[in-house]
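**Q** 3D, please:
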Amino acid sequence: MTESERLGTADESVSLRVEGPIAIITINRPSVRNAIDLPTAESISLAFDTCETQTSIRAIVLTGANGYFSAGMDLKALNATGDRPITKRRGAFGIVEKPPNKPLIAAVEGHALGGGLEIALAADLIVASETARFGLPEVKRGLVATAGGVLRLPQRIPRAIALELVLTGEAISAGIARDLGLVNRVVPEGTALDAALELASVIAANAPMAVRAAKRVVVESAQWPSEEGFTRQREYTDPVRASRDAREGAQAFVEKRSPQWQDA
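**A** Residues are numbered from 1 along each chain as shown. Below you'll find the model as predicted:
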């Protein structure tokens with residue numbers, strides 16, 4: 001990583017660094033394994049808002065500092081203040097109810113358990129170190145994983161396996177998570193961020209308007225009746241087909257050069 005730019009967030013618990021077309025959001029509370037209190041959740045939400053408004057940003061990577069992804073909710077802060085880490089705009093942890101429209105990759109080192117997994121599940125793709133572990137232990141504590149865990153996990157892995165993880169509270173390794181389709185790539189310990197940035201750079205090289213539309217169709221079509229899919233996707237895909245970028249992509253292919261996207 002060479003060129004970087006720092007943009008302000010609400011406090012120092014979250015950093016936003018922009019490198020070319022890629023934004024890196026880092027949760028920086030290693031003393032509590034990057035657990036999230038309300039100010040941190042608000043900073044995460046603000047960081048995503050900033051990424052959404054910066055047209056030059058085409059992909060986002062979310063990670064945690066010092067070898068931890070996130071331990072989820074900061075229970076000590078909750079006990080001290082009574083404030084849950086739920087933001088008005090994006091819900092719990094500043095992300096789970098309204099993930100960004102732009103492609104989001106979670107770079108996971110260490111354990112992503114409970115709220116940590118729920119944060120990762122809000123991402124489109126997950127890159128994990130080989131020592132990472134994933135699970136929803138809420139039932140072991142008399143709780144339910146209501147920040148997206150019980151909703152999203154069955155959409156990412158087979159339902160019976162998701163039910164086993166939800167009902168037992170047990171965790172799985174990164175390798176098993178990859179085999180189940182939850183994790184996209186497993187890499188050596190300490191390299192999850194670098195691998196996520198490599199993946200983000202491939203995405204960012206593509207036409208941003210087309211990427212956003214493709215993501216929107218994938219996400220929303222899960223709720224569409226199958227017989228309506230081709231008709232309903234046109235709301236998102238027709239503008240792409242008529243765009244200058246579509247013409248540029250074809251022209252660049254013919255001329256054997258890299259396309260110059262205008263996001264229009």
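**Q** for this structure, longest helix please?
**A** helix 38-53 (DSSP state H).
**Q** show me where this protein has its strands.
**A** Per DSSP state E, the chain carries strands over the ranges 5-7, 14-19, 22-27, 59-64, 86-87, 91-92, 104-108, 111-113, 125-129, 133-135, 171-173, 185-187.
**Q** so for Pro208, which of those strands sits nearest?
**A** The minimum distance between Pro208 and the strands of the chain falls on strand 59-64, with 8.9 Å, by CB to CB. To be clear about C-beta, it is placed using only N, CA and C from the backbone, and glycine gets the same treatment.
**Q** quick one: Gln155 and Val218 touch, right?
**A** No: look at Gln155 against Val218 with CB atoms under 8 Å: they stay out of range, at 11.1 Å.
**Q** shaky segments in this structure?
**A** 1-11 (pLDDT under 70).
**Q** how does it divide up, domain by domain?
**A** Domains of the chain are assigned by automatic domain parsing as 5-204, 208-255.
**Q** would you reformat those domains as JSON lines and include mean neighbour count and distance to Trp261?
**A** Below are those laid out as JSON lines (neighbours: other CB atoms under 10 Å; distance: least, CB to CB, whole Å):
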{"stretch": "domain 5-204", "mean neighbour count": "20", "distance to Trp261": "9"}
{"stretch": "domain 208-255", "mean neighbour count": "14", "distance to Trp261": "5"}
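**Q** now distance to Gln262 too, for these, in JSON lines please.
**A** Shown next, in JSON lines, are those (distance: least, CB to CB, whole Å):
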{"stretch": "domain 5-204", "distance to Gln262": "10"}
{"stretch": "domain 208-255", "distance to Gln262": "5"}
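**Q** quick one: closest of these to Asp263.
**A** Nearest of these to Asp263, taken as CB to CB: domain 208-255 at 4.8 Å.
**Q** now do that closest one: distance to the chain's middle.
**A** 21 Å (CA atoms, centre = their mean, to the nearest Å).
**Q** and that domain, how far apart are its ends?
**A** 21 Å (CA to CA, to the nearest Å).
**Q** so which of the domains of the chain gets nearest Ala264?
**A** Closest approach to Ala264 among the domains of the chain is made by domain 208-255 (5.2 Å; CB to CB).
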